[in-house]
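>>> Fold the following and give me the result.
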Amino acid sequence: MDQAIRLDGVHVLYGRTVALDVERLEVGPGERVFVLGRSGSGKTTLSRLVKGRLVPSAGRVTVLGHDPACADPRRRRALARRVAMIDQEFFLVPRSTVVGNVLHGCLGRVSWRSLFEVYPREEWEKAEAILAEVGLATLGDRRVETLSGGQRQRAAIARALMQEAEIILADEPISALDPELAEDALELLVGCVARRGVTLVVNLHQPELARRFASRLVGLADGRVVFDGPPGGFAATDSAAVYRAGGAPRATRGADDERAAGRLAPKTGHPDLRLVGD
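As a prediction, this is how the structure comes out:
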């Protein structure tokens, strides 16, 4: 396996609107790729393709040498365990404890007893060690609903680390945090990933933070790659191309609104699939 992630001729359509149009994009093992773009540029669509939550309308997506949306349910589940995702909304269980949420990250490798929150001792020890790593060592017994936004972000990172995935995707992971906490959260995430040597793909709006923490930047505009290179090469002209005014000319405002509400489905062969986000 030469690449952790590869897209070849990938197109995603929402009705007649092109959400993503990528001729070729590759991410190597261990890279820290930050994807920049306006809302609606295709960042979330890209993440969901890699995670296997979405099937492209055309083209091929390969993750860790496999198709993440293959027809075989067993293979699809096996690959899903190798790719963790930190969603913008975190999707923690509010009334469960912090350590209980973190232990959910190991569900793919433990027995059915975990459905009743009966976990092997070694998994508890891993969860406690990860909580200490992310600065939540004393909060394991707290319910998630009592945590601050920054603490919930750390809990979401801990759950992803508990999965022991080879790829971690983070979709706008700092959007709900103030600037100081946002920088701390990215520093924590990048540090944890670097210690494990796994691949990291982060969707972000802030070029200044991306330059600091990424090993590579990818800029999306209207679903297309308009920049791909080292952070130091991201110039003012590149920023203008990524964040140009006017939004996506190929999608009407009405189509954007319907897509955000989940009423437009991509042509995936799965008519019940709905995608919310950019």
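>>> Give the ranges of residues in this protein that sit below the confidence cut-off.
For the chain, applying pLDDT under 70 flags the ranges 1, 111-117, 245-278.
>>> Repeat the analysis, applying 50 as the threshold.
By pLDDT under 50, the low-scoring segments of the chain are 246-278.
>>> Can you show me the helices along it?
With DSSP state H, the ranges of helices along the chain come out as 43-51, 73-80, 98-103, 121-133, 149-162, 179-196, 207-213, 236-242, 253-260.
>>> Let me see the ranges of the strands in the stretch 1-150 of the chain.
Ranges of strands within the stretch 1-150 of the chain are 5-14, 17-27, 32-36, 58-63, 83-86, based on DSSP state E, counting those that start in this stretch.
>>> Of those, which is nearest Ala241?
Nearest to Ala241 among the strands of the stretch 1-150 of the chain is strand 32-36; the distance by CB to CB comes to 10.4 Å. Using the backbone N, CA and C atoms, a C-beta is placed for each residue, glycine as well.
>>> strands paired with the closest one, and their directions?
Its sheet considered, strand 32-36 pairs with strand 199-204 (parallel), strand 216-221 (parallel) by DSSP bridges.
>>> Can you tell me what sits against the first one?
Residues outside strand 199-204 that contact it (CB atoms under 8 Å, 6 or more residues apart in numbering) are 4-5, 27-37, 43-44, 46-47, 50, 166-174, 186, 189-190, 193, 210, 213-214.
>>> thinking again about what came up before, can I get the strands paired with strand 32-36 in a markdown table with distance to Thr146 and mean neighbour count?
Output for the strands paired with strand 32-36, formatted as a markdown table (distance: least, CB to CB, whole Å; neighbours: other CB atoms under 10 Å):
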| stretch | distance to Thr146 | mean neighbour count |
| --- | --- | --- |
| strand 199-204 | 27 | 26 |
| strand 216-221 | 37 | 23 |
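>>> Now distance to Val55 too, for these, in CSV please.
Formatted as CSV, the strands paired with strand 32-36 follow (distance: least, CB to CB, whole Å):
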stretch, distance to Val55
strand 199-204, 19
strand 216-221, 19
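>>> distance of Ala58 from Val10?
Distance of Ala58 to Val10, computed by CB to CB, to the nearest Å: 7 Å.
>>> Please identify which of these two sits among more neighbours.
The neighbour comparison of Ala58 against Val10 (other CB atoms under 10 Å) goes to Val10, with 22 against 11.
>>> show me the contacts for the closest residue to that one other than its chain neighbours.
Counting by CB to CB, 6 or more residues apart in numbering, the nearest residue to Val10 once its immediate chain neighbours are dropped is Gly59, at 3.6 Å. Going by CB under 8 Å, 6+ apart, Gly59 touches Leu7, Asp8, Gly9, Val10, His11, Val22.
>>> Tell me how far Arg53 lies from Asp2.
24 Å.
>>> Ala176 too?
The gap separating Ala176 from Asp2 is 36 Å, by CB to CB.
>>> So which of those two has more stuff around it?
Ala176 (15 against 8).
>>> how much space between that one and Ser39?
Counting by CB to CB - Ala176 and Ser39 are separated by 15 Å.
>>> before we move on, what about Gly197?
Remark: distance between Gly197 and Ser39 (CB to CB) = 32 Å.
>>> Among the two, which residue is more densely surrounded?
Ser39 (14 against 9).
>>> Show me what the residue nearest to Phe234 when sequence neighbours are not counted is bridged to.
Excluding its sequence neighbours, the residue lying closest to Phe234 (CB to CB, 6+ apart) is Leu217, at 5.2 Å. Legend: beta-bridge partners of Leu217 under DSSP bridges are Phe34, Gly229.
>>> Contact partners for Leu217?
Taking CB under 8 Å, 6+ apart, one finds 33-36, 207, 210-211, 227-231, 234 in contact with Leu217.
>>> can I get these in a markdown table with distance to Phe91 and neighbour count?
Listed next are the contacts of Leu217 as a markdown table, based on distance: CB to CB, whole Å; neighbours: other CB atoms under 10 Å:
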| residue | distance to Phe91 | neighbour count |
| --- | --- | --- |
| Val33 | 23 | 22 |
| Phe34 | 22 | 27 |
| Val35 | 20 | 29 |
| Leu36 | 24 | 27 |
| Pro207 | 27 | 19 |
| Ala210 | 24 | 24 |
| Arg211 | 29 | 15 |
| Phe227 | 30 | 19 |
| Asp228 | 30 | 17 |
| Gly229 | 32 | 13 |
| Pro230 | 33 | 11 |
| Pro231 | 29 | 16 |
| Phe234 | 31 | 20 |
